[in-house]
Structure formats: structure tokens, C-alpha cells
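# Mind folding the following:
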Amino acid sequence: MQDRIPSPYVVYLYGHIFVPESKFGHKHLVSGKRLNPAELRKTIKLAMLVELYSFGIIDFEIAEVGKLIKRREVFVKMVKNVDDSKAVFFIEKELLSLLKNFGKVPLRFSINRSTGLEEKFWMDTFAERINLELAARGYLTKINNQFRPVEERIMLLREEAERIKQKLEEFRAKNPELAELVYGAL
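I've put the predicted structure just below:
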């Protein structure tokens, strides 16, 4: 039986069905297509949040913030206490740990700033971490210090990728304002 792969891993492997091609983008490891790394990063984070939301672990709260200039901001709050040590995805662990300590955090802070990394370096660090995690699960192999896809294993995730894509589209359709604010905050 195939082990369960969290949504962010699947989005990373099947980035080409979630993010449009970009002639200035980075070459996607699996498809070879050029994808916008910022859009892929945001979609990966959105998939993680929607997965945790669908499991009933987190919820979103939209609030007016600012004294002089009011703006709407999205907060993430923990609704069901879970053991963050059981989370597999490293950013998932980080978010759950933050929520356990604070209960509710602004989405922009919790996702973008909690890693302590500058945004431009985030994707490279993320890619290295997820590549190692996927290699450990047999979806990638490392040859001459470069990761290569194990296509027969990755193909097993195609239906899951389509299911996740549909889930993200449903989230956007049911919660258009929330989806726009969440995606914008990532």
C-alpha cells in the first residue's frame, strides 16, 4: 500500500498542473516546464492550509486591522489541538507549533516570516528540504548530487494531484473573499 503524501508534496511534484508556465520561471524538477517559483510556493502553502482546514485543525478569521489605514487581514487559529510532532511537512510542523503557543497568528507572519528566511531564498531552501523528504519516500533519487524524479512512483500520485486541484478550486469557489485574502497573504 502506498504511504499517504501530504498535499504540499503532491503540489510540488505536480506543480505544472497547478501553476501556469512562465518563460522566466525556474525549470520544474518533474515536468521540465518553466514555472513561476513564487506562484508555486504560494500554491504549495495554500494546499497545506486547505488540507489542515479540511481536517478541521485550523480555521481562518478575517479582521480589520490598522489604526489610521484599515486593512483586512487573515488570521489562522487552531480549532483542534493536535500533536505537531506527528506532522510530516516541515512548514506544517512550524505552523502547528506556532498555533499551539499562540492560539491565533496572522497568516502573513506565520507563513512568510516564521522560517527566518528572506523570501527570495525561501524556495531554494524549501526545495532542498522537500527533495530530501521525497527522496526518503522513494519519489526522487539523488544521482551525482542532483535529484531526479522516479517517474513510476510519481505517476501513482496523478489522481491525488487532480483531487487536490479540485479541492483548491472548491475552496476558492465556496470562499472567494477568504481565498483571495489567504492567497494574497502568502
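# Every contact and neighbour count from this point should use C-alpha atoms.
Fine.
# Other residues contacting stretch 61-68?
Contact partners of stretch 61-68, identified using C-alpha atoms under 8 Å, 6 or more residues apart in numbering, comprise Lys70, Arg71, Arg72, Glu73, Val74, Phe75, Val76, Lys77, Leu178.
# For PyMOL, write a command that selects the buried ones of those residues.
Of the contacts of stretch 61-68, the buried ones can be selected in PyMOL as follows, counting by 16 or more other C-alpha atoms under 10 Å:
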select buried, resi 73+74+75+76+77+178
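# Max pairwise distance over the contacts of stretch 61-68: which two?
Pairwise distances among those were taken by C-alpha to C-alpha; the largest, 21.3 Å, belongs to Lys70 and Lys77.
# Can you report phi and psi for the residue sitting furthest away from the middle of the chain?
The C-alpha centroid of the chain is most remote from Leu68, which lies 32.8 Å away (C-alpha atoms, centre = their mean). Main-chain dihedrals, Leu68, degrees, to the nearest 10: phi -90, psi -50.
# please begin residue numbering at 799 from this point
With 799 as the first residue, the last one maps to Leu866.
# Can you tell me how far it is from Glu859?
Per C-alpha to C-alpha, to the nearest Å, Leu866 is found 21 Å from Glu859.
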